[in-house]
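Undergrad: What follows is a protein structure lacking sequence information:
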């Protein structure tokens with residue numbers, strides 16, 4: 001089995017490891033997954049260049065945005081079966097044996113959470129044994145590559161749902177994305193910003209405007225165009241940031 005290990009910043013090493021398929025069941029159902037696709041996140045670049053500010057350690061196997069095929073299942077599982085294509089959580093939540101209160105409310109707030117590819121090994125390896133609670137079966141498809149962005153999309157939608165909840169509390173249950181003025185300004189046209197914009201525009205019919213300082217990012221997607229009246233937004237033109245939007 002091959003795995004790509006980041007030994008230290010800017011030091012990748014391809015390793016050959018002996019893999020023995022597990023036969024004894026563990027404390028919870030697990031699946032052996034053959035990883036097919038892995039995407040790179042901004043945190044992966046930061047870890048590679050030694051600029052990541054959060055908890056982490058080297059050596060480390062990167063990769064938390066991935067897609068793979070289930071080769072075997074240990075324990076009882078109705079959720080995942082052999083042959084399923086799956087993706088998974090980027091966070092290993094609920095590590096504490098008896099669980100925690102935060103996990104029942106928002107798993108992202110778990111004080112015991114770990115991150116695949118950051119605080120524990122990720123999926124830049126051919127075979128991984130994963131607890132089934134972290135896995136999600138994918139719909140049958142001729143092409144599973146787009147599903148490698150499932151985690152990115154989930155993060156964007158989760159953030160939009162958080163904003164909508166705050167808006168509804170302030171505006172007496174009026175849905176932010178279905179209000180009369182269906183136009184929203186997004187700060188940042190990176191992968192998360194573009195994903196959120198695509199969801200709002202194509203699923204909710206909302207017009208999107210971007211505020212982005214990086215010229216390269218502004219020029220990356222030609223389907224957008226500058227706003228005619230940028231002065232209507234509370235941003236100084238002196239920075240030459242520009243505004244772009246989905247119409």
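TA: Received the coordinates, thanks. For clarity, every value in this text was computed on a predicted model and none was experimentally measured.

Undergrad: Quick one: distance of the helix ranked longest in the chain to the chain centre.
TA: Across the chain, the helix with the greatest residue count (assigned by DSSP state H) is helix 150-170. With Cα atoms, centre = their mean, to the nearest Å as the basis, helix 150-170 stands 13 Å off its chain's centre.

Undergrad: now stretch 193-201
TA: Here the centre of stretch 193-201 is set off from its chain's centre by 14 Å, with Cα atoms, centre = their mean.

Undergrad: per-residue pLDDT, residue 46?
TA: Listed pLDDT for residue 46 reads 96.

Undergrad: Repeat that for residue 40.
TA: pLDDT, residue 40: 93.

Undergrad: So what's the residue count around it?
TA: Around residue 40 there are 14 other residues, counting by other Cβ atoms under 10 Å. Placement of C-beta: from N, CA and C, glycine included.

Undergrad: quick one, what contacts it?
TA: When contacts are counted by Cβ atoms under 8 Å, 6 or more residues apart in numbering, residue 40 is found next to 62, 65.

Undergrad: who does the host helix or strand of residue 36 pair up with?
TA: Here residue 36 sits within strand 30-39, counting by DSSP states H and E. Here strand 30-39 has these sheet partners by DSSP bridges: strand 65-74 (antiparallel), strand 127-131 (antiparallel).

Undergrad: How many neighbouring residues does residue 52 have?
TA: Residue 52, neighbours per other Cβ under 10 Å, totals 16.

Undergrad: Torsion angles phi and psi at it?
TA: phi -70, psi 130 (degrees, to the nearest 10).

Undergrad: For it, which non-adjacent residue is spatially closest?
TA: Leaving out its chain neighbours, the residue that sits closest to residue 52 by Cβ to Cβ, 6 or more residues apart in numbering is residue 46, at 4.0 Å.

Undergrad: Do I have it right that the one you found meets residue 56?
TA: No - with contact defined as Cβ atoms under 8 Å, residue 46 does not count as touching residue 56 (9.1 Å).

Undergrad: sorry, back to before: adding mean pLDDT, distance to residue 212 and mean neighbour count, write the strands paired with strand 30-39 out as CSV.
TA: Shown next, in CSV, are the strands paired with strand 30-39 (pLDDT from 0 to 100; distance: least, Cβ to Cβ, whole Å; neighbours: other Cβ atoms under 10 Å):
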stretch, mean pLDDT, distance to residue 212, mean neighbour count
strand 65-74, 96, 23, 20
strand 127-131, 95, 36, 19
